[in-house]
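In: coords please:
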Amino acid sequence: MARGAQEASDGPDEAAADGARAADAATGGANDEVTGGAHDEVTELAADLRRLLLVSSRILRSHTASEDVSASQFSVLAYLQRSGTSTPGALADFEHVSPPVMTRILGRLEEASLVQRAAHPADGRQVQVTLTDAGEQVVLEGRAERDAWLRRRLQAAGPQERRTLREATALLRRTLVERRD
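Out: Residues are numbered from 1 along each chain as shown. Here you go, the predicted structure:
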């Protein structure tokens, strides 16, 4: 098994799924009678989909335009490219890292002249972070490289597989992304 696939399969969700299967086996399948097997099917699908999304996300994130920019640094640059400006605290929240970790990331990006920090115009205690022209170029090149890698992979699929992927993409968007109220 590939290293990324193995990493993606390790975790509490996998242990919970294994526990559910073990409990079902211990009861001789009695849980299936109660749920009609739908619970096990959904649990297995959720675990498979989680692993696939994690691995594919890691692979896609690994395709950046610059060897000098890590995946987390690229993510910060891409966020700034979308938002225009941000504070270190908002960036830390977005990246799910502590403020000191974000300070180190921003320090490296600033040293590479990819971001600049300045005093917040409305609150002198705050700092605003913006993307430089060089940072913008890294983001654009990184997205182009990721798109090219993905296009090559999709071109290798046959027409029917691409139709199926298009349908699956729409289904995933409806199921995972769109709000359900």
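In: now do stretch 39-56: distance to the chain's middle.
Out: 15 Å (C-alpha atoms, centre = their mean, to the nearest Å).
In: now that stretch - C-alpha only, CSV.
Out: C-alpha atoms of stretch 39-56 as CSV (Å, rounded to 0.1, in the frame of the first residue of the first chain):
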residue,chain,number,x,y,z
HIS,A,39,-25.8,1.3,8.5
ASP,A,40,-22.9,-1.0,7.7
GLU,A,41,-23.0,0.1,4.0
VAL,A,42,-23.0,3.8,4.9
THR,A,43,-20.2,3.3,7.5
GLU,A,44,-18.1,1.4,5.0
LEU,A,45,-18.8,4.0,2.2
ALA,A,46,-17.9,6.9,4.6
ALA,A,47,-14.6,5.2,5.5
ASP,A,48,-13.7,4.5,1.9
LEU,A,49,-14.7,8.0,0.8
ARG,A,50,-12.8,9.6,3.7
ARG,A,51,-9.6,7.7,2.8
LEU,A,52,-10.0,8.5,-0.9
LEU,A,53,-10.6,12.3,-0.3
LEU,A,54,-7.6,12.5,2.1
VAL,A,55,-5.2,10.7,-0.2
SER,A,56,-6.3,12.6,-3.3
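In: looking at that stretch now, give me its mean pLDDT.
Out: Throughout stretch 39-56, pLDDT has a mean value of 91.
In: show me the strands in this structure, by range?
Out: 85-86, 115-119, 127-131 (DSSP state E).
In: the first one - contacts with which helices or strands?
Out: So the one you mean is strand 85-86. strand 127-131 (3 or more C-beta pairs under 8 Å, 6 or more residues apart in numbering; DSSP states H and E). Backbone N, C-alpha and C define where each C-beta goes, glycine included.
In: what strands line up against the strand it packs on, and which way round?
Out: Strand 127-131 has the following sheet partners, assigned by DSSP bridges: strand 85-86 (antiparallel), strand 115-119 (antiparallel).
In: so which of the strands of the chain is the most surrounded?
Out: strand 127-131 (a mean of 19; mean count of other C-beta atoms under 10 Å).
In: give me the distance from that strand to the chain's centre.
Out: The answer for strand 127-131 is 23 Å, by C-alpha atoms, centre = their mean.
In: now stretch 80-93
Out: 17 Å.
In: quick check: buried residues in that stretch?
Out: Leu80, Gln81, Ser86, Thr87, Pro88, Leu91, Ala92 (16 or more other C-beta atoms under 10 Å).
In: which of these fall within helices?
Out: When the buried residues of stretch 80-93 are checked against helices (DSSP state H), the matches are Leu80, Gln81, Pro88, Leu91, Ala92.
In: just the closest of the residues you listed to Thr103, please.
Out: Pro88 (6.3 Å; C-beta to C-beta).
In: quick one: low-confidence parts of this protein?
Out: 1-36, 65-66, 180-181 (pLDDT under 70).
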